[in-house]
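**Student:** Fold the following and give me the result.
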Amino acid sequence: MITFFLSLLALILGYAIYGKFVEHVFGPDNRPTPALRVNDGVDYIPMPLWKIFMVQFLNIAGTGPIFGAIMGAKFGPSAYLWIVLGCIFAGATHDYLAGMISMRNKGIGLPDIIGKYLGANAKRAMLMFSVLLLIMVGAVFVYSPAIILSGMMGNFMLWVVIIFIYYFIATMMPIDKIIGKIYPLFAIALLFMAGAMFVGLLFKMPDIPEIWDGIGNRNPKMGPIVPILFITIACGAISGFHATQSPLMARCIRHEKLGRPVFYGAMITEGIVGLIWATIASYFFYGGGAEELGADVSASAPQIVNIVSQSWLGVFGSVLALLGVVAAPISTGDTAMRSARLIVADFIRLNQKSIRNRLFISIPLFIVTILVLWYNIADADGFNKIWNYFGWANQTLSVFTLWAITVYLANKRKPFIITLIPALFMTFVCSTFLLISPIAFGLSHMISYGIGGCILIVALARFGYWYRRKMAQQ
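**Tutor:** Numbers count the residues shown, from 1 in each chain. Sure, this is the predicted structure:
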């Protein structure tokens, strides 16, 4: 477990050192924030720092750093490298700057950020792309908790209806009424669960593969490490979905200098949760854990969560696991629907203070989400397909966000290299995944890497051309 402890230390130092550097690059000041200037009593409401942090953490986390890290651990110790390096240099930087740029621009949503810095065409594309992604998030995170709850009590469709009713109420209500009151408790439970698992690891100290044992793929069935690992572990390293959530809290922060603990800090915390579960999964897959726990090594991520939690923590662990795999995805789903409402409202410039205006946008969004879910229930393989497409779309959204942030920093004559490198890397990852994945084009590795490399070169050349013209005009 030496790799685990080194990775944990790296994340903490990343927040203290690199997070401080990224904050310095942006330059927060004392100007009034949207929470104070607008304060509409619905979406723009000043909230305490601890509450904002907990809501932000739960919004961006859900089950992402649990399930993604468990599946990513199948690749072997390379998962540690991606969680640490991705989280510090890509994910946390992405989340912080997206949130702070939103805060500087009256709390605007992601499509408006992209439109302002990448142009009107990009804005229109991202409006549709991000709303579709959020609808997929809403559908995906109704399905999994409904399956679990129906296995315990009641039928599947009943729980789908109940969860959708809750989604609708939470989406319509002012942010401090349900989300601001209940979600910090869910976040505390999720963190407590991770802490309990950490203590379990300390007692167990399993013999698991270390980074120096080799970072090659230990499970070829998962596909090539590049790009599959970087799509599989998203929320624990970088996730475009986070940029749709950061504006929610950008509208609730009282002071710009609180941005680093909220945005950068929540992502680092998510990375730590990812590290813990990647280590547990490594024990399960490669440290004799499955045999020791009387389980099958082919168990799914939710099953592993339940098996390990019940074995290590008993009834208490079962309750925590239930919160993790039920409450967390539900909370992610409803904040996704809230974000979709706000993105559409910003685009059509419809004030959301009145209930009628909120209904005008929310009802069509929920109808589309129900249809997406219904299609996937009817198709035996439909849910797996939408989950895979969701993973790709999630990371592709981070590509556009990183390019928008890079343009923002270049316009401000700030060191844009901090987002240019992650933007180029994720451009290659997402384009290559689309080419190589069997759910898309399914091309050979050589052709996929070649085309992905060409796309990378074109993206860099396009940015370089824009940047030279920009400098010549100044």
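
**Student:** Low-confidence ranges, the stretch 101-250 of the chain, go.
**Tutor:** 151-152 (pLDDT under 70).

**Student:** could you pull out the strands for it?
**Tutor:** Counting by DSSP state E, counting those that start in this stretch, one finds no strands in the stretch 101-250 of the chain.

**Student:** sec struct for Asn39, please.
**Tutor:** When classified by DSSP: H, G, I helix; E, B strand; the rest coil, Asn39 comes out as coil.

**Student:** can you start the count at 710 instead of 1 from here on
**Tutor:** Shifting the count to begin at 710 puts that one at Asn748.

**Student:** Surely it is in contact with Thr742?
**Tutor:** No: counting by Cβ atoms under 8 Å, Asn748 does not reach Thr742; the two are 10.0 Å apart. Backbone N, C-alpha and C define where each C-beta goes, glycine included.

**Student:** higher neighbour count, the two?
**Tutor:** Neighbours per residue, other Cβ atoms under 10 Å: of Asn748 and Thr742, the larger number sits with Thr742, 25 against 15.

**Student:** Could you pick out the longest helix of this structure?
**Tutor:** In the chain, assigned by DSSP state H, the helix with the most residues is helix 829-861.

**Student:** So which bits of that helix are buried?
**Tutor:** Residues of helix 829-861 classed as buried: 831-832, 834-836, 838-858 (neighbour count, 16 or more other Cβ atoms under 10 Å).

**Student:** tell me the helices in the stretch 710-859 of the chain, going along the chain?
**Tutor:** Secondary structure of the stretch 710-859 of the chain by DSSP state H, counting those that start in this stretch: the helices cover 711-722, 728-735, 743-746, 758-770, 778-781, 787-795, 801-813, 819-827, 829-861.

**Student:** CSV for these, including distance to Ala896?
**Tutor:** Converted to CSV, these look like this (distance: least, Cβ to Cβ, whole Å):
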stretch, distance to Ala896
helix 711-722, 18
helix 728-735, 20
helix 743-746, 20
helix 758-770, 4
helix 778-781, 18
helix 787-795, 20
helix 801-813, 16
helix 819-827, 22
helix 829-861, 16
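
**Student:** Low-confidence regions, the stretch 1060-1183 of the chain specifically.
**Tutor:** Checking the stretch 1060-1183 of the chain against pLDDT under 70 turns up 1085-1097.

**Student:** quick one: the strands in it?
**Tutor:** So, for the stretch 1060-1183 of the chain - with DSSP E, counting those that start in this stretch - there are no strands.

**Student:** what about the helices in it?
**Tutor:** Under DSSP H, counting those that start in this stretch, the stretch 1060-1183 of the chain gives helices at 1064-1087, 1091-1120, 1126-1145, 1154-1182.

**Student:** okay, those in CSV with distance to Ile874 and mean neighbour count next?
**Tutor:** CSV is the format used below for these (distance: least, Cβ to Cβ, whole Å; neighbours: other Cβ atoms under 10 Å):
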stretch, distance to Ile874, mean neighbour count
helix 1064-1087, 10, 16
helix 1091-1120, 21, 21
helix 1126-1145, 35, 22
helix 1154-1182, 44, 13
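
**Student:** From the chain's centroid, how far away is stretch 930-950?
**Tutor:** Centre-to-centre, stretch 930-950 and its host chain are 12 Å apart (Cα atoms, centre = their mean, to the nearest Å).

**Student:** Settle this for me: Phe784 is touching Gly932, isn't it.
**Tutor:** No: Phe784 is beyond contact range of Gly932, at 9.2 Å (criterion: Cβ under 8 Å).

**Student:** more neighbours, the two?
**Tutor:** Phe784 (24 against 19).

**Student:** show me the contacts for that one.
**Tutor:** Contacts for Phe784 (Cβ atoms under 8 Å, 6 or more residues apart in numbering) come out as 926-928, 931, 934, 937-938, 941.

**Student:** List phi and psi for the closest residue to Val747 other than its chain neighbours.
**Tutor:** The shortest distance from Val747 to any non-neighbouring residue, by Cβ to Cβ, 6 or more residues apart in numbering, is to Tyr753 (3.9 Å). The phi/psi pair for Tyr753 (degrees, to the nearest 10) reads phi -100, psi 90.

**Student:** what number of residues lie near Tyr753?
**Tutor:** Counted with other Cβ under 10 Å, the neighbours of Tyr753 add up to 22.

**Student:** what sits against it?
**Tutor:** 743-744, 747, 816, 960-961.

**Student:** count of residues packed around Arg1122?
**Tutor:** Arg1122 - counted by other Cβ under 10 Å - has 10 other residues nearby.

**Student:** how near is Ile856 to Val1035?
**Tutor:** From Ile856 across to Val1035, the span is 10 Å (Cβ to Cβ, to the nearest Å).

**Student:** Show the pLDDT at Gly750.
**Tutor:** As predicted, Gly750 sits at a pLDDT of 86.

**Student:** Contacts only, for the closest residue to it other than its chain neighbours.
**Tutor:** The shortest distance from Gly750 to any non-neighbouring residue, by Cβ to Cβ, 6+ apart, is to Pro883 (6.1 Å). If a contact means Cβ under 8 Å, 6+ apart, then Pro883 has 750-752, 754 as its contacts.

**Student:** Same question for Leu720.
**Tutor:** So, once contact is read as Cβ under 8 Å, 6+ apart, Leu720 ends up touching 793, 796-797, 977, 980-981, 984.

**Student:** can I get the residues you listed in TSV with neighbour count, pLDDT and distance to Thr1044?
**Tutor:** TSV is the format used below for the contacts of Leu720 (neighbours: other Cβ atoms under 10 Å; pLDDT from 0 to 100; distance: Cβ to Cβ, whole Å):
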residue	neighbour count	pLDDT	distance to Thr1044
Val793	23	98	27
Cys796	33	97	21
Ile797	24	98	25
Ile977	22	98	20
Gly980	30	97	20
Ile981	21	97	21
Leu984	27	97	24
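
**Student:** Would you reformat those as a markdown table and include distance to Gly824?
**Tutor:** Below are these laid out as a markdown table (distance: Cβ to Cβ, whole Å):
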| residue | distance to Gly824 |
| --- | --- |
| Val793 | 33 |
| Cys796 | 28 |
| Ile797 | 29 |
| Ile977 | 29 |
| Gly980 | 30 |
| Ile981 | 34 |
| Leu984 | 36 |
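
**Student:** Kindly indicate which of these lies nearest Gly949.
**Tutor:** Nearest to Gly949 among the contacts of Leu720, counting by Cβ to Cβ, is Cys796 at 14.6 Å.

**Student:** List the contacts of the closest one.
**Tutor:** 720, 723, 945-947, 976-977, 979-980, 983.

**Student:** picking that back up, just the buried residues out of the contacts of Phe784, in PyMOL syntax.
**Tutor:** Only the buried entries of these go into this PyMOL selection, using 16+ other Cβ under 10 Å:
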select buried, resi 926+927+931+934+937+938+941
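
**Student:** closest to Ala788 among the contacts of Phe784?
**Tutor:** Leu938 (6.8 Å).

**Student:** pretty sure that closest one contacts Leu790?
**Tutor:** No: using Cβ under 8 Å, Leu938 makes no contact with Leu790, being 9.3 Å away.

**Student:** who touches stretch 1055-1069?
**Tutor:** Outside stretch 1055-1069, the residues that reach it (Cβ under 8 Å, 6+ apart) are 749-752, 817-818, 820-821, 836, 880-881, 1050-1051, 1053-1054, 1070.

**Student:** go again using 6 Å as the cut-off
**Tutor:** 749, 751, 818, 821, 836, 881, 1054 (Cβ atoms under 6 Å, 6 or more residues apart in numbering).
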